[in-house]
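Engineer: okay, predicted coordinates and the sequence, questions at the end:
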Amino acid sequence: MKILLVEDDKTIATGLEYSLKSENYETYICHQVKTAKSLLEQKLDEIDLCIFDLSLPDGTGYELCEYVKSKGDKPVIFLTALDDEVNVVMGLDMGADDYITKPFRLRELLSRIKSVQRRYNKQLQNNPIIEVENLRVNTMEGKIYKNGTEVLVTALEYRLFLIFVNNLGQVLTRNQLLERIWDVAGDFVNDNTLTVYIKRLREKLEDDPQKPTIIKTIRGLGYKVGESN
C-alpha cells in the first residue's frame, strides 16, 4: 500500500515516514502544496491513501483534498492541531474520510488508516451500479444520477446516501448512521448535523422533499431507503 504524506514539520514527517515503513507501507513525503500537487499529477494512480496536514506553508490540506477528490475517489485523512467541530465538519464535507488531531499516538493513526481502507475495499466489492427508483449510484465514479442527470452532492452527502443504498430496505438508526459515516471520528459530530445532511439529500434527490419517498422516516426507529430483496 502506497501512502502520500504531506506534512510541513519535517521532524514529524520523518518520524511518520519511519513508522509507516516499519508497518510495510510505502510512503511519498512532501512538505508543501506545490510539491504535493506535482507528485499527484505523476503518481495519483499509484497512491492508495493520502494524509494531509491541514496548515501548510503555501496553502492548506483542504485544497489538496479537493484536488485528489476531483481526480478520483482516493481516501484522505487530515492531520491538524485544530480540533473544533467547524473545521472537522468542513474537512469531512470537502471529502476527507477521517480526521486526527495532534498530538496523536501512532497506533491511533494506523488504526484509522486500516479502518478507512477497509471501508473503501468494502465499497469496491459491492455492486458498482445501484438503482433506487429514479436514482442511479455509480460507486466507481462516486456519483449520483437522477433521471440520467448527475446530482451534485458533497462528499459527506454521498457517503451518507451510499450507506443507505448499501443497506436497502433496512431501517438504520441515527446512531448507526453517525457511526458508519464518521467511524472512529464520530465523536466530532453531533446529532443535529445528521439532520442537516438528510435534509440536504432530500432537497437534492426527492421530487417533493416535504413528502419523501426515497429517504423515508420510520417514526421512532430511524430511516430507510428502498425495499429489501
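Structural biologist: Yep, it's here.

Engineer: residue closest to the middle of this structure?
Structural biologist: Closest residue to the average C-alpha location of the chain: D97 at 3.0 Å, with CA atoms, centre = their mean.

Engineer: what sits against it?
Structural biologist: The contact partners of D97, by CB atoms under 8 Å, 6 or more residues apart in numbering, come to 75-77, 116, 119-120. For the C-beta atoms, the positions are set from N, CA and C on the backbone; glycine is no exception.

Engineer: low-confidence regions, this protein specifically.
Structural biologist: Across the chain, the ranges flagged by pLDDT under 70 are 82-86, 88, 121-127, 182-190, 228-229.

Engineer: where along it do the strands fall?
Structural biologist: Here the chain has its strands, by DSSP state E, at 2-6, 26-30, 49-53, 55-56, 59-60, 76-80, 98-101, 129-132, 135-138, 143-146, 149-151, 215-218, 222-225.

Engineer: go through those and name the closest to T173.
Structural biologist: T173 sits nearest to strand 222-225 of all the strands of the chain, at 4.1 Å, using CB to CB.

Engineer: what packs against that closest one?
Structural biologist: The contact analysis (3 or more CB pairs under 8 Å, 6 or more residues apart in numbering; DSSP states H and E) places strand 222-225 against helix 155-165, helix 174-182, strand 215-218.

Engineer: list the buried residues of the longest helix seen in the chain.
Structural biologist: Counting by DSSP state H, the longest helix found in the chain is helix 106-125. Within helix 106-125, the residues that count as buried by 16 or more other CB atoms under 10 Å are 109, 112-113, 115-116, 119-120, 123.

Engineer: repeat that for stretch 36-53.
Structural biologist: 36-37, 39-40, 44, 47, 49-53.

Engineer: and the furthest pair within those residues?
Structural biologist: Using CB to CB, the buried residues of stretch 36-53 reach their maximum pairwise distance at L44 and D53, which is 18.6 Å.

Engineer: which one of the contacts of D97 is nearest to P212?
Structural biologist: R119 (26.3 Å).

Engineer: that closest one and L162, how far apart?
Structural biologist: Taking CB to CB, to the nearest Å as the measure, R119 falls 10 Å from L162.

Engineer: now do S22
Structural biologist: Look at S22 and L162: by CB to CB, they are 33 Å apart.

Engineer: which of these two has more neighbours?
Structural biologist: L162 (20 against 9; other CB atoms under 10 Å).

Engineer: kindly report the domain assignment for the chain.
Structural biologist: Annotated domains of the chain cover 2-124, 128-225 [automatic domain parsing].
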